[in-house]
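Peer 1: no sequence for this one, just the structure:
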């Protein structure tokens, strides 16, 4: 049995790095495999490299983030005698700036995922702090607002959307208007437009 004692921070750093890496692999591997098989073409070795690169980026970023967050929180708590709420924000800012600032498909997807959850959580924090009760149709309003914004942006400012989102919306909303036979209406996409 491991007795942490004076080594608790060091052991927490090791375990945080390990768990970040494992989770990154678990999350990114099926996603990278599926997206590559569905949307990529080329030699198998190039597709495999693409998959492993995405897994490595995600897993290492999560591992380094966990290590850094735990290190910064632990060091600041030792310096100030206790963990304070601002330590977590500082740790997150340092890790985010160090490990998630490269503009690549993995980081963009993770940041978009986090942004949506942060905005949602902040709305709940606001409601809790101000004792605001959500109306019974709050989720309907939320869904309508999000879809109004995305459809408006797609049709009017598509260049502002993240590439994979714009591509999927193009496939669903624009390419669905291109057909000239029953075959390319129901079975395949066509470049021709009626």
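Peer 2: That came through, no problem. The structure presented is a predicted model; accordingly, all values stated were derived computationally and were not measured.
Peer 1: only C-alpha atoms for contact and neighbour calcs from this point on.
Peer 2: OK.
Peer 1: show me what the host helix or strand of residue 9 is packed against.
Peer 2: Assessed by DSSP states H and E, residue 9 sits inside helix 8-39. On a contact count with 3 or more Cα pairs under 8 Å, 6 or more residues apart in numbering; DSSP states H and E, helix 8-39 meets helix 44-80.
Peer 1: can you list the domain ranges for the protein.
Peer 2: With domains defined by automatic domain parsing, the chain comprises 1-107, 135-194.
Peer 1: need the pLDDT of residue 179.
Peer 2: According to the prediction, residue 179 has pLDDT 80.
Peer 1: and what of residue 190?
Peer 2: Here, the pLDDT recorded for residue 190 equals 66.
Peer 1: over to residue 139?
Peer 2: Per-residue pLDDT puts residue 139 at 87.
Peer 1: burial count for residue 19?
Peer 2: For residue 19, the number of neighbouring residues by other Cα atoms under 10 Å comes to 17.
Peer 1: distance-wise, check it relative to residue 65.
Peer 2: Distance, residue 19 to residue 65, by Cα to Cα, to the nearest Å: 11 Å.
Peer 1: with residue 109 instead?
Peer 2: In terms of Cα to Cα, residue 109 sits 16 Å off from residue 65.
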